[in-house]
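Student: Just a sequence and a predicted model for now, questions to come.
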Amino acid sequence: MKLKTIETENFASGVLGAAKYRAMPVKYPVLFLMGGFIYGALEVIVKRGDTHISMFALGGLCFLLIGALNEKIPLLLRMFSGAIIITLLEFISGLIFNIWLGQRVWDYSHLPLNLMGQVCLWFTIAWFFLCLPGIWLGGYLKWRLFGEKKPIFIRRGGSAPQK
C-alpha cells in the first residue's frame, strides 16, 4: 500500500508539474498585460484622463520587473527597488518618446526636483508606496494563476513556505 501511495504522489506531482510548465509561456504575457492595463487605468483615473500606448508597455515591463524581485528581500527594500526601477524606466521612456520622438506624453518641468522634465522626486516617492499593492498583486496572481509558491504575505501565523 505504501508503494502505491508514493507512486500516486509522484504521478500527481509530475502531472501538476507538467501543468505548471505548460502555463509558463503564458505567465509573462499575462502579467505584462495586467501591469499595462493597471498602469493605463491609473493614468486615466488619476493623472490626466487619457494615456499613451507607451505607458501601457512601460506599466507592463515595470510590473514584470518588480514581480521578479526576490521575496527574500525585505519588503521596504523591494518597494525602494521598485520605485527606482519605475523611475529609471520612466526616464528612459521620457527621453525616447518625449525628447527624441517629440510625442509630449508628459512633462514634469513645472514640478520641483525634476530631471529634464521626465521624472521628479515626488513621483518616485509615489511609486515607492504604489509598489506595495503591486508587489502584493503580482505575488497573488503568480500563486493563484500559475501555481507558484504562496506569497509570504498570504501565509498565516508565520508558517513555513508552502508550495
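Tutor: Yep, it's here.
Student: Against which helices or strands is the helix or strand hosting T124 packed?
Tutor: Assigned by DSSP states H and E, T124 belongs to helix 121-146. The contact analysis (3 or more Cβ pairs under 8 Å, 6 or more residues apart in numbering; DSSP states H and E) places helix 121-146 against helix 2-42, helix 53-67, helix 75-93. In short, each C-beta sits where N, CA and C put it, glycine included.
Student: Run through who's touching the second one.
Tutor: For helix 53-67, contacts defined as Cβ atoms under 8 Å, 6 or more residues apart in numbering pick out 28, 31-40, 42-43, 78, 81-82, 85-86, 89-90, 93, 96-97, 103, 105, 131, 134-135, 138-139, 142.
Student: quick one, that helix and helix 121-146 angle?
Tutor: On the basis of axes from the mean of the first three to the mean of the last three Cα atoms, to 10 degrees, helix 53-67 is oriented at 70 degrees to helix 121-146.
Student: in helix 53-67, what's buried?
Tutor: 54-67 (16 or more other Cβ atoms under 10 Å).
Student: can you list those residues in JSON lines and add distance to P74 and pLDDT?
Tutor: Putting those into JSON lines (distance: Cβ to Cβ, whole Å; pLDDT from 0 to 100) gives the following:
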{"residue": "S54", "distance to P74": "32", "pLDDT": "91"}
{"residue": "M55", "distance to P74": "29", "pLDDT": "91"}
{"residue": "F56", "distance to P74": "30", "pLDDT": "94"}
{"residue": "A57", "distance to P74": "29", "pLDDT": "95"}
{"residue": "L58", "distance to P74": "26", "pLDDT": "95"}
{"residue": "G59", "distance to P74": "25", "pLDDT": "95"}
{"residue": "G60", "distance to P74": "26", "pLDDT": "96"}
{"residue": "L61", "distance to P74": "24", "pLDDT": "96"}
{"residue": "C62", "distance to P74": "20", "pLDDT": "96"}
{"residue": "F63", "distance to P74": "20", "pLDDT": "96"}
{"residue": "L64", "distance to P74": "21", "pLDDT": "95"}
{"residue": "L65", "distance to P74": "18", "pLDDT": "95"}
{"residue": "I66", "distance to P74": "15", "pLDDT": "95"}
{"residue": "G67", "distance to P74": "17", "pLDDT": "91"}
